[in-house]
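Undergrad: pasting the structure only:
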C-alpha cells in the first residue's frame, strides 16, 4: 500500500512539473501556504476518486468539482507583463485547474495505466485534452471568429468555455484525424506539431 501511494505521489509531482504551470501559482510564505502543496495534496485526494468513476457523467462531475475548488483555493503568482508592468496575484481560473487536472490524468491514466490497466482503458476514453494557449489559437482558427472568446487558459473562466474548447477538439478529430483518435491523443499530436514551429 505504501509503495502504491508513493508511486501515485511521484506521478503527481512529475505530472505537475510536466504541465509547466508551477511557476504560474503563488508560492506562499510557508510550505503549507504554497499553491503547489495545495494542488499536489488535492490531486492526491482526487485522482483515486476520479479513476473510480462508474460512468462518464460521474467523471465529468469530479472534474468540474476539482476545477471549481481550484478557482477558490489557488492563486496566481504576481508576474511581469510584456510591457514591463506587474500583473498582481489573483484567483486562478477554471482553465488553470482544468489544465493541471487534465495533464495529471493524462500521465496517471493514459501514460502509466493506473490505477490498473483495465480501469485505465475505461477512463482513457473520457479524458480531455490538456489545451494550452497555442492549441487554443489553433482551435479558434479552425472554428472561426467568435466561437470561443478566451485566448488563454487564464481566460477560461467557466465550465461552459472549457466544454466548448473540448468540443472543438472533437470536431478537429472528426475532420482531420483517423477514426478512434482520442482527445488525449490529439493533445500529444498537436502539442508536438505546434511546438516545433
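TA: That came through fine. None of the values given here were measured: they were computed from a predicted structure. Residues are numbered from 1 along each chain as shown.

Undergrad: Could you use CA atoms for every contact and neighbour count after this?
TA: Fine.

Undergrad: Could you chop the protein up by domain?
TA: Listed by automatic domain parsing, the domain ranges of the chain are 2-124, 133-195.

Undergrad: and these, which one is worst for confidence?
TA: Lowest mean pLDDT within the domains of the chain: domain 2-124, a mean of 85.

Undergrad: Check the offset of that one from the chain's centre.
TA: A distance of 7 Å separates the centroid of the chain from that of domain 2-124, by Cα atoms, centre = their mean, to the nearest Å.

Undergrad: And that domain, end to end?
TA: Using Cα to Cα, to the nearest Å, one end of domain 2-124 lies 25 Å from the other.

Undergrad: now do stretch 150-158
TA: From its first residue to its last, stretch 150-158 covers 10 Å (Cα to Cα).

Undergrad: follow-up on the earlier one: redo the domains of the chain as JSON lines? Include mean neighbour count.
TA: Converted to JSON lines, these look like this (neighbours: other Cα atoms under 10 Å):
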{"stretch": "domain 2-124", "mean neighbour count": "17"}
{"stretch": "domain 133-195", "mean neighbour count": "15"}
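
Undergrad: Wait, residue 51 touches residue 113, no?
TA: No: under the criterion of Cα atoms under 8 Å, residue 51 makes no contact with residue 113, lying 10.8 Å away.

Undergrad: Show me whatever sits in contact with both of these two.
TA: Here residue 51 and residue 113 share the contacting residues 119, 120, scored by Cα atoms under 8 Å, 6 or more residues apart in numbering.

Undergrad: Now do the residue nearest to residue 56 when sequence neighbours are not counted against residue 109, distance only.
TA: In space, and not counting its chain neighbours, residue 56 is closest to residue 126: 6.4 Å by Cα to Cα, 6 or more residues apart in numbering. The spacing between residue 126 and residue 109, counted by Cα to Cα, is 11 Å.

Undergrad: cool, residue 7 as well?
TA: 13 Å.
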